[in-house]
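> fold the following for me, if possible:
(chains A and B)
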Amino acid sequence: MRLSWRRSSDSEDRFEKWIAQHHQRRVLAGETTPSGPCPDDAFLRDLACISPKIALSDLRVDHAATCPTCMNRLLALREELRSRRPD
Amino acid sequence: MGAELHLFFAESWLYFGYLVDPPPPGRCSRMPPKGRTWQELTWSWACTTGHPASDQILEAAANAAWPYPLLCAWTFLNDHDTAYDLMDHAIQNSTEYVARHPNATSVKVRARVKSEIRRHAKYQVNRQRREYPNGLAIDFEAMCACQPDIERQIYASEIFARLSPFAQGIVNRRWLGYSWREIGRELEMDYSEVRKAYFRELGSLVRELAQPGDSAKCD
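Here you go, the predicted model:
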């Protein structure tokens, strides 16, 4: 029997959101082990606004996504960016 | 991009580096293995062109391309072990290419190696016609519908503990807000293939955790 791939977008989106929430909870609870030193604030600021200046392969990207200190800073920066946007 | 991919999958190399098997006999004579690190083991697959200068170019290309077969094996074939077959094939093919084009630049040889890896992975997919049922939607809905929050957290911890380095890298980038298209571009892959492979892995983990007899199973 050949089974074809069926995209179930809603479920996948919900599942991804669920994964992201748990990822965030784990990182903020210190359950992950980030590698390398924390990047500077300018890098985190660029990362928060998904600047094209940042290469996804930059090792600091993985660090920022797994370090509680960087994640807290990113969440604050995201909030700051959101509040600046016009409604 | 090769160097960037290098960095991106640095942990994956270390993860897989010790699994190298001896290559099957080919037409070319083998370079002797030079050590225990992943780079040297990778080159132990490679063939010699008979010209030291060409060998050097091929060696550099093989080393630079190594993370790519791991990615292709994960994305297209859902089978990490095939990475070594893909690399074997690409090196053999590129050895012949270098023999035909002794003045080929390192950039060209590296592109050739990566292109062969991708082409052969796609060929293997078509040959095997391996497609997988995706029970993610049903399994995920079932998991969320009947588990108390603490059990869902246990499920999540189990899933994270079993995620491959590739999938973990994608979780990080998705959390940061990068699109599938951006992730695919960085990996030099069709983003829909990367997305499919990611959800395939998550789906199989959810199914594993929902197996009868699992302690976290919903009654």
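> give me the below-cutoff pLDDT ranges for the chain.
The chain I'm using is chain A. Across chain A, the ranges flagged by pLDDT under 70 are A:1-10, A:86-87.
> meant chain B actually
Applying pLDDT under 70 to chain B flags the ranges B:1-48, B:128-148, B:212-219.
> can you point out the buried residues in the lengthiest helix in chain A?
In chain A, with assignment by DSSP state H, the single longest helix is helix A:9-28. Buried residues in helix A:9-28, defined by neighbour count with 16 or more other C-beta atoms under 10 Å in any protein chain shown: A:Ser11, A:Glu12, A:Phe15, A:Glu16, A:Trp18, A:Ile19, A:His22, A:His23, A:Gln24, A:Arg26, A:Val27. From N, CA and C alone the C-beta is placed, and that goes for glycine too.
> now the third one: how far from B:Asp190?
It stands for A:Phe15. A:Phe15 sits 21 Å away from B:Asp190, taking C-beta to C-beta, to the nearest Å as the criterion.
> what residues does chain A put near chain B?
Taking C-beta under 8 Å from any C-beta of the partner chain as the contact definition, chain A meets chain B at A:2-6, A:8, A:11-12, A:14-16, A:18-20, A:22-26, A:31, A:35, A:47, A:50, A:55-59, A:61-62, A:64-66, A:74.
> which secondary structure elements does the longest helix of chain A contact?
Judged by 3 or more C-beta pairs under 8 Å, 6 or more residues apart in numbering or on different chains; DSSP states H and E, helix A:9-28 is in contact with helix A:59-66, helix A:68-84, helix B:136-146, helix B:149-162, helix B:165-175, helix B:191-209.
> go with 7 Å
Counting contacts by 3 or more C-beta pairs under 7 Å, 6 or more residues apart in numbering or on different chains; DSSP states H and E, helix A:9-28 packs against helix A:68-84, helix B:136-146, helix B:165-175.
> turn those helices into JSON lines, columns for mean neighbour count and distance to B:Ala111.
As requested, the helices and strands packed on helix A:9-28 are exported to JSON lines (neighbours: other C-beta atoms under 10 Å in any protein chain shown; distance: least, C-beta to C-beta, whole Å):
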{"stretch": "helix A:68-84", "mean neighbour count": "14", "distance to B:Ala111": "35"}
{"stretch": "helix B:136-146", "mean neighbour count": "16", "distance to B:Ala111": "35"}
{"stretch": "helix B:165-175", "mean neighbour count": "21", "distance to B:Ala111": "22"}
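> looking at those, spot the one closest to B:Ala90.
Comparing the helices and strands packed on helix A:9-28 against B:Ala90 with C-beta to C-beta, the closest turns out to be helix B:165-175 (19.0 Å).
> need the CA coordinates for the following helix or strand past the closest one. CSV is fine.
Moving toward the C-terminus from helix B:165-175, the next helix or strand (DSSP states H and E) is helix B:180-187. Extracted in CSV, the C-alpha atoms of helix B:180-187 (Å, rounded to 0.1, in the frame of the first residue of the first chain):
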residue,chain,number,x,y,z
TRP,B,180,10.2,27.5,6.8
ARG,B,181,11.3,29.2,3.6
GLU,B,182,14.2,30.9,5.4
ILE,B,183,15.2,27.7,7.1
GLY,B,184,15.0,25.8,3.8
ARG,B,185,17.1,28.4,2.1
GLU,B,186,19.8,28.2,4.7
LEU,B,187,19.9,24.4,4.5
